[in-house]
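Trainee: model the structure of this input:
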Amino acid sequence: QRQMCIRDRVWNEFIEDSEQWVAVLTGAGDKAFSAGNDLKYSAQPGKYKVQQPKSGFAGLTNRFDRTKPIIAAVNGFAMGGGMETALSCDIILASENAKFARAVQKEGLIWVGPNSRAITSMGDKLKAKDIAEKAGVPTLPMTTDPKKANSIGYPILIKAAAGGGGKGMRIVEDKKDLKEAIAGAQREAKTGFGDDRVFIERYVASSRHIEIQILGDSHGNVVHLGERECSIQRRHQKIIEESPSPRVNPEMRAAMGDAAIKLAKKLKYESAGTVEFLVDDKTGEFWFLEVNTRLQVEHPVTEEVTGKDLVYEQLRIARGEELGYSQDDITWTGSSIEARLYAEDPSNDFLPATGTLIAYESDINIDARWDTGIEQGSVVGTDFDPMLAKVITKGKTRVDAANKLALALESLHIAVSYTHLRAHET
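Mentor: I've put the predicted structure just below:
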């Protein structure tokens with residue numbers, strides 16, 4: 001689902017007026033989109049399998065003009081057999097997997113994304129914090145030694161060093177609960193990331209999650225495209241995102257943007273990325289959280305207010321082109337809001353639900369952007385994230401964008417096991 005917009009833009013950018021061949025594996029369901037020579041693919045977690053009995057993938061690529069690049073957009077977690085299949089192509093889009101990035105580059109292929117060093121260093125939260133501090137970016141007080149927790153001051157937050165998404169995270173209000181909370185966080189981190197390292201940092205109770213979109217090229221140019229407000233979450237998973245943030249004024253945007261650019265330059269960052277910050281809602285003070293070395297699910301709201309096609313920019317950067325514009329050229333117009341539509345059961349604490357989409361139709365007369373890879377008859381299973389679609393609207397004001405979003409959600413005709421559509425409407 002997350003790659004469907006990439007599919008269309010890759011096609012328009014590289015394919016439409018050429019004889020190139022393209023395969024896009026979405027990783028979004030048990031069927032993946034393909035174009036060219038009637039190939040059929042099966043996308044499964046951790047592997048991408050070509051169903052082509054005549055010659056196989058390697059034989060297929062040899063029959064095509066190798067002076068013209070074959071392009072594949074694949075899920076960022078392809079490993080094992082999936083890597084072997086993906087490396088039969090010339091251009092790869094994937095995310096946050098340093099091992100995969102190195103393998104692609106070792107084969108002399110074009111990697112669409114930041115280099116493996118940036119992915120590795122930002123994938124480890126302890127390394128990331130250290131690099132951010134050296135770059136002069138504000139960070140929260142932290143320690144890896146439980147004996148020093150008192151020096152930070154309660155309440156504190158225990159976090160996994162090797163991952164995110166709320167896994168391995170615990171809020172501790174009192175010292176007597178620290179030992180048990182650390183043990184629980186370590187177990188969860190080990191299960192989720194194969195790494196039980198945790199660290200302790202100051203907990204900010206009244207806070208917002210605000211992130212800065214960055215773009216960097218291979219010529220040393222870096223810009224930021226403003227902020228996204230991502231504070232409406234459930235179980236540390238984003239649900240509603242918007243740009244601009246109602247909490248951020250121009251001075252704060254400039255300060256956060258400068259901090260993001262400092263870190264990006266320290267990393268020699270190339271491609272699209274997101275620098276995430278924790279913001280004290282009362283004081284406006286902000287601290288570095290992490291860098292997502294990929295295109296975020298919520299990137300459309302930035303596209304709407306800046307007019308920059310981030311997928312297109314990624315592809316240009318991967319080709320070695322300069323950005324061609326400076327920070328002074330970036331402007332923001334209007335307001336954009338995105339809602340994620342999930343297959344979840346509101347009566348069961350919004351846990352993921354499964355089933356078959358017996359109806360799915362949005363109103364094309366409503367001014368809204370739908371990024372989705374589903375259709376009537378799609379099966380919502382357990383192999384993938386329960387997100388079904390992203391609904392994005394833009395308005396002259398925040399209220400205008402919110403009203404358009406509410407109308408788009410209310411007008412959606414959908415029938416599946418469960419979704420949280422009604423929760424959005426409320």
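Trainee: check contacts around Lys390.
Mentor: 297-298, 300, 338-341, 370-372 (Cβ atoms under 8 Å, 6 or more residues apart in numbering). All C-beta atoms are positioned from the backbone trio N, CA, C, and that covers glycine.
Trainee: what is the nearest of those residues to Pro138?
Mentor: Glu298 (22.9 Å; Cβ to Cβ).
Trainee: next up, the contacts around the residue lying closest to the closest one once chain neighbours are set aside.
Mentor: Excluding its sequence neighbours, the residue lying closest to Glu298 (Cβ to Cβ, 6 or more residues apart in numbering) is Glu241, at 3.8 Å. By Cβ under 8 Å, 6+ apart, the contact set of Glu241 is 228-230, 232, 298, 301, 337-338.
Trainee: switch the cut-off to 6 Å
Mentor: 228, 230, 298, 301, 338 (Cβ atoms under 6 Å, 6 or more residues apart in numbering).
Trainee: repeat that for Leu323.
Mentor: 217, 221.
Trainee: where does it sit: helix, strand or coil?
Mentor: Each residue gets one of three states, and Leu323 gets coil by DSSP: H, G, I helix; E, B strand; the rest coil.
Trainee: please work out the average pLDDT along stretch 221-233.
Mentor: Stretch 221-233 comes out with an average pLDDT of 97.
Trainee: repeat for stretch 116-133
Mentor: 93.
Trainee: so which bits of it are buried?
Mentor: Buried residues in stretch 116-133, defined by neighbour count with 16 or more other Cβ atoms under 10 Å: 116, 118-119, 121-125, 128-129, 131-132.
Trainee: how much space between Leu225 and Pro146?
Mentor: Applying Cβ to Cβ, to the nearest Å, the value for Leu225 to Pro146 is 40 Å.
Trainee: okay, the two: which has more neighbours?
Mentor: Higher neighbour count among Leu225 and Pro146: Leu225, with 26 against 16, using other Cβ atoms under 10 Å.
Trainee: tell me the contacts of that one?
Mentor: So Leu225 contacts 213, 302, 306, 330 (Cβ under 6 Å, 6+ apart).
Trainee: give me the subset of those lying in strands.
Mentor: Residues of the contacts of Leu225 located in strands (DSSP state E): Gln213.
Trainee: from the contacts of Leu225, which land in helices?
Mentor: Among the contacts of Leu225, the members found in helices (DSSP state H) are 302, 306.
Trainee: out of the contacts of Leu225, the closest to Leu278 would be?
Mentor: Gln213 (17.0 Å).
Trainee: let me see the ranges of the helices in the stretch 151-300 of the chain.
Mentor: Secondary structure of the stretch 151-300 of the chain (DSSP state H, counting those that start in this stretch): helices located at 178-193, 250-267, 299-306.
Trainee: tell me the most buried of those helices?
Mentor: For these, ranked by mean neighbour count under the definition mean count of other Cβ atoms under 10 Å, the leader is helix 299-306 at a mean of 24.
Trainee: so which elements touch the helix or strand just after it?
Mentor: Next in sequence after helix 299-306, counting helices and strands by DSSP states H and E, comes helix 310-318. Judged by 3 or more Cβ pairs under 6 Å, 6 or more residues apart in numbering; DSSP states H and E, helix 310-318 is in contact with helix 4-10, strand 110-112, strand 271-280.
Trainee: and the longest one, average pLDDT?
Mentor: Right, strand 271-280. For strand 271-280, the mean confidence score works out to 97.
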